[in-house]
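Novice: Sequence and predicted model, in that order:
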Amino acid sequence: MRKGGRGPLYRSQPEGPVFIRSENVLWGKLNLSDFVHIPMAFHEKLSRSQLRPGDVLINLVGASIGRSAVFAGEVSEANVNQAVAVLSPIPEKVDSRYLMRFLNCTRTQEVIHGGKVETARPNISLGDLRVLKIPLPPRERQRHIVAYLDDLQAKVDALKKLQSETAAELDALMPSILSKAFSGEL
């Protein structure tokens, strides 16, 4: 388990390795539409927080505590700041997406939030993560669980899209219905 590099020591620039911050780590996915670049020298200096495909990222600080996502190698060079921890599962034992799903589940979030320190800026520590008990079924079972959850998530996403489209259609119909109601056509 590694903690990301410090933020104030770098200056964002137009190109270079991507610097992933807590706002980039969402529930189960990385948002790389809004990121900053750091100098290669800074990236190399912070070798412990450099990312490799399969690393699981988890937010340690602020309102997004506990959100986790898998870095799948979306960019070739990336690093994380100090508000993000990097978990590097042993591929033969732990499926990255299984670990991410476990971290994002309600029970685990309750444990994570139960151990957070309420200061000016709430946070959890690497020590809190080190003592987290992770159930580890065989890899094939982990993959089965992940596939099931991915399928369920796809269905939820489809329902949300349908709900949004239906709401938009109803919003478009409402002025016409109101017009007919007030002109006595209903």
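Specialist: Received it, and whenever you're ready, just let me know what you need.

Novice: Tell me how many other residues surround the residue nearest to residue 98 when sequence neighbours are not counted.
Specialist: Residue nearest to residue 98 in three dimensions, not counting chain neighbours: residue 142, with 3.9 Å by Cβ to Cβ, 6 or more residues apart in numbering. Just so you know, the C-beta spots here come from the backbone N, C-alpha and C atoms, and that holds for glycine as well. Each residue near residue 142 was counted by other Cβ atoms under 10 Å, and the total is 21.

Novice: what residues are up against residue 142?
Specialist: 94-95, 98, 136 (Cβ atoms under 8 Å, 6 or more residues apart in numbering).

Novice: helices or strands next to the longest strand along the chain in the packing?
Specialist: Secondary structure of the chain read by DSSP state E shows that its longest strand is strand 13-20. Judged by 3 or more Cβ pairs under 8 Å, 6 or more residues apart in numbering; DSSP states H and E, strand 13-20 is in contact with strand 36-37, helix 40-45, strand 78-80.

Novice: if we can go back for a sec, would you mind listing which of the contacts of residue 142 are buried?
Specialist: 94-95, 98 (16 or more other Cβ atoms under 10 Å).

Novice: Low-confidence bits of this structure, can you list those?
Specialist: The chain contains residues with pLDDT under 70 at 1-12, 115-121.

Novice: Could you pick out the longest helix of it?
Specialist: helix 139-182 (DSSP state H).

Novice: that's a strand at residue 72, yeah?
Specialist: No. Remark: residue 72 does not belong to a strand; assigned using DSSP: H, G, I helix; E, B strand; the rest coil, it is coil.

Novice: which one is it nearest to, not counting chain neighbours?
Specialist: Using Cβ to Cβ, 6+ apart, the closest residue to residue 72 is residue 53 (5.7 Å).

Novice: That neighbour and residue 140, how far apart?
Specialist: 21 Å (Cβ to Cβ, to the nearest Å).

Novice: same check, this time on residue 132
Specialist: 23 Å.

Novice: Likewise for residue 14?
Specialist: 45 Å.

Novice: ok, now which ones touch the residue nearest the centre of the chain?
Specialist: Among the residues of the chain, the one closest to the centroid is residue 26, at 2.8 Å (Cα atoms, centre = their mean). Counting by Cβ under 8 Å, 6+ apart, residue 26 touches 67, 69.

Novice: check contacts around the residue nearest to residue 72.
Specialist: 71-73.
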